[in-house]
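Participant: Got a predicted structure plus its sequence, pasted below:
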Amino acid sequence: MVASKANTFHNQPDERGHFGDYGGRYVAETLMPLVLDLEREYRAAQADPEFQREFDDLLEHYVGRPSPLYFAERLTEALRVGSPEGRGAQVWFKRDELNHTGAHKINNCIGQILLAIRMGKTRIIAETGAGQHGVATATVCARFGLPCVIYMGAEDVRRQSPNVFRMKLLGAEVVPVTSGRGTLKDAMNEGLRDWVANVDDTFYIIGTAAGPHPYPELVRDFQSVIGKEARQQMQERIGRLPDLLVAAIGGGSNALGLFHPFLDDPDVKMLGVEAAGHGLDGSEHAASLLGGFPGVLHGNKTYLLQDEDGQITEGHSISAGLDYPGIGPEHAWLKDSGRVEYTAITDEEALEAFQLLCRTEGIIPALEPSHAIAAVAKRAKEMDRDTVILANLCGRGDKDIFTVAERLGVEI
Amino acid sequence: MNEPDPMTTSNRLSSAFAKPHPALVCFLTAGDGDTAANLDALVEGGADVIELGMPFTDPMADGPAIQKANIRSLGAGTTTADVLRIATEFRVRHPNVPLVLMGYANPMIRHGPEWFASAAKDAGVDGVICVDIPPEEDDALGPALRDAGIAPIRLATPTTDDKRLPAVVEGSQGFLYYVAVAGITGMQQAAIESIESNVTRIKQSTDVPVAVGFGVRTPEQAGKIARVADGVVVGSALVELVAEHGADAPARLRELTAGLAKAVHSAARAPRKEEKA
Ligand SMILES: Cc1ncc(COP(=O)(O)O)c(C=O)c1O
């Protein structure tokens, strides 16, 4: 590792959980002893080879890792059509949509449920937006025989109904949250309310690289399996690292999972893709970094969609998994430091990219990575043919076919 | 209603807790209903300290009653400027009644902690309770409040063990808010034995008065708690009256507050640390 280098992007967070100005532990006093406890337990787990062995074993035999690294030849060709002479980068995908449960979320859930068991917790709670994290949490709870309660915004329950049924099949209790606009942030509020009322037996499995320290760090670490594998696979397949990494950002966990192991490779550029919804000029988007300001919500300081008075504004995205008014604090720090570039993709552009991937590669992507694919399509046309883009295909699109059908005016 | 000799910030709170009886602390959400009239009713009923809630879109530590009050207030268009105006006008009408702002970090630090501390000072605010800034993140607001002469009021909870307690009481001024239940506002009530042993434990490590809240609804409960603490905080029960009675809320608030005040004020004050020695 490069951790000994003075000039490293791998030395965050500090011992108080701060990524530069961001992160921290902005929680009610009731939860403070719990997050300190979690941090102690996480440090012990990190130092325990048995924990790592169990994590690796489950990722291999239960999740199906390593996920393939795939050269998207027909997509590459399709993007070259109409590109300037000599342009059109080679597009590769990290196939995390092939994981058990269909998204990257399970990587993190395996890590956290092992921590919960280590800590002797007997009840699991989680929030979910698209339902992917809820399904992944319900899955690991079934696998380890622990009861679980999933908080999900009422609006998301409606637009992600297949995932609601999946969670129920897996034995989870799904609680629709009606406060606020009934989306991910409201589900997270309700998760925190449950946690303060059940401090003794309950473990909160947070689904993205956000929340109070040590969540952003441990979620990143568990998801970093994506980037570690990709780095090695790239070396094996093409003998070098990619020129550009691209990933969609809701809270930022799949992006950090891919980016983090490459942060100290100066020749690897990185692009995080936020949801521009109906466009960044209005308020109907979910781009916290590009359209928000630093503030405090859900246990951490980070960029937030908010008004002049610090009231949180509701984001919008066609993708339920990106529809969150905050972002993991490490991204806030990576943005300010300039190491990662951030851009945003509209609902329309994501829908187009969704269909493009279906037709060129025979892969139905989730709407979340469709945002990354749309950004790839733009960038590839500007880059030379011998350059390589690696995008995180972090989820499959089965859950989204109803939303897409509705938007395309098709009744199914 | 005007009283002579307006007091300064620091002595309004300490005077409230230096009375010969425990203090009744009453909470309402700013901008929910006719807040000025409702606050006056609390004072007339006998409240010793006013806690004015700053509405926030994401009140993570609050139960349904106060969540809804936040939503009603924001729905009516309440801004931070409105909250500060309510405080300023209260200070003119009640120069000697301590007023504490309670809320969440983000609205407080939106334009920087110094801006907020100075605006609160100008509005005659005596203390600030910020739910989601624990001692570990004190830098985010604490120094600005102390510099402005506003008391940062910390929260202690059933999960605050002896190891953490010194960090919690250190730098806490005005009073310490003991949250009697691990949970959200307005839900269950704690057993009096647990409250008593925790308050006793806390008072061994601080001279700051300890007020107890969360789950306190009736004069009977308040009276019991007042026997073991320096103050009792009532919130959701009052907020529910505002929701239920709208323009008629002041009379109901006055009535409940009077009952609570009677019970709290007639309880013997808990011994202070120095008195026990
Ligand atoms: C497939 C998929 N991708 C991405 C996300 C966004 O989360 P994150 O930014 O943490 O990866 C979600 C969230 O539900 C998701 O389901």
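Facilitator: Arrived safely, thanks for sending.
Participant: any low-confidence regions in the stretch 1-150 of chain B?
Facilitator: For the stretch 1-150 of chain B, the stretches with pLDDT under 70 are B:1-10.
Participant: switch to 50 and redo it
Facilitator: By pLDDT under 50, the low-scoring segments of the stretch 1-150 of chain B are B:1-5.
Participant: got it, and chain A?
Facilitator: Scanning chain A for pLDDT under 50 picks out A:1-5.
Participant: what helix or strand is the residue of it positioned farthest from its centre on?
Facilitator: Ranked by distance from the centre of chain A (C-alpha atoms, centre = their mean), the top residue is A:Glu85, with 35.3 Å. Following DSSP states H and E, there is no helix or strand that holds A:Glu85.
Participant: any chance you could read off phi and psi for B:Ala30?
Facilitator: When read as degrees, to the nearest 10, the backbone of B:Ala30 gives phi -60, psi 140.
Participant: Quick one: residues contacting B:Asp62.
Facilitator: Taking C-beta atoms under 8 Å, 6 or more residues apart in numbering or on different chains, we find B:Asp62 in contact with B:70, B:184-186. Where C-beta positions appear, they are placed from N, C-alpha and C, glycine not excepted.
Participant: mind checking how far it is from the ligand?
Facilitator: Distance, B:Asp62 to the ligand, by C-beta to the nearest ligand atom, to the nearest Å: 26 Å.
Participant: Likewise for B:Asn96?
Facilitator: To the ligand, B:Asn96 is 52 Å away according to C-beta to the nearest ligand atom.
Participant: any idea how far chain B is from the nearest residue to A:Leu290 once chain neighbours are set aside?
Facilitator: Leaving aside its sequence neighbours, A:Leu290 sits nearest to A:Ala344 (C-beta to C-beta, 6 or more residues apart in numbering or on different chains; 5.3 Å). Using C-beta to the nearest C-beta, to the nearest Å, A:Ala344 is found at 23 Å from chain B.
Participant: With A:Pro68 instead?
Facilitator: Taking C-beta to the nearest C-beta, one finds A:Pro68 at 40 Å from chain B.
Participant: Quickly find the element holding the residue nearest to A:Leu290.
Facilitator: Taking DSSP H and E as the definition, A:Ala344 sits inside strand A:341-346.
Participant: packing partners for that strand?
Facilitator: In terms of contacts (3 or more C-beta pairs under 8 Å, 6 or more residues apart in numbering or on different chains; DSSP states H and E), strand A:341-346 is packed against strand A:269-277, helix A:288-291, helix A:367-382.
Participant: Nearest to A:Leu334, out of these?
Facilitator: Proximity to A:Leu334 (C-beta to C-beta) singles out strand A:269-277 among those, at 7.9 Å.
Participant: next one: that closest one to chain centre, how far?
Facilitator: Mean C-alpha position of strand A:269-277 versus that of the full chain (C-alpha atoms, centre = their mean, to the nearest Å) differs by 12 Å.
Participant: Could you do stretch A:99-108 as well?
Facilitator: The chain centre lies 10 Å from the centre of stretch A:99-108; the measure is C-alpha atoms, centre = their mean.
Participant: repeat for stretch A:86-102
Facilitator: How far stretch A:86-102 lies from its chain's middle: 15 Å, per C-alpha atoms, centre = their mean.
Participant: Mind listing what's buried along it?
Facilitator: A:87-102 (16 or more other C-beta atoms under 10 Å in any protein chain shown).
Participant: Whether that stretch contacts the ligand - can you check?
Facilitator: No: Stretch A:86-102 is not in contact with the ligand by C-beta under 6 Å from any ligand atom; minimum separation 7.3 Å.
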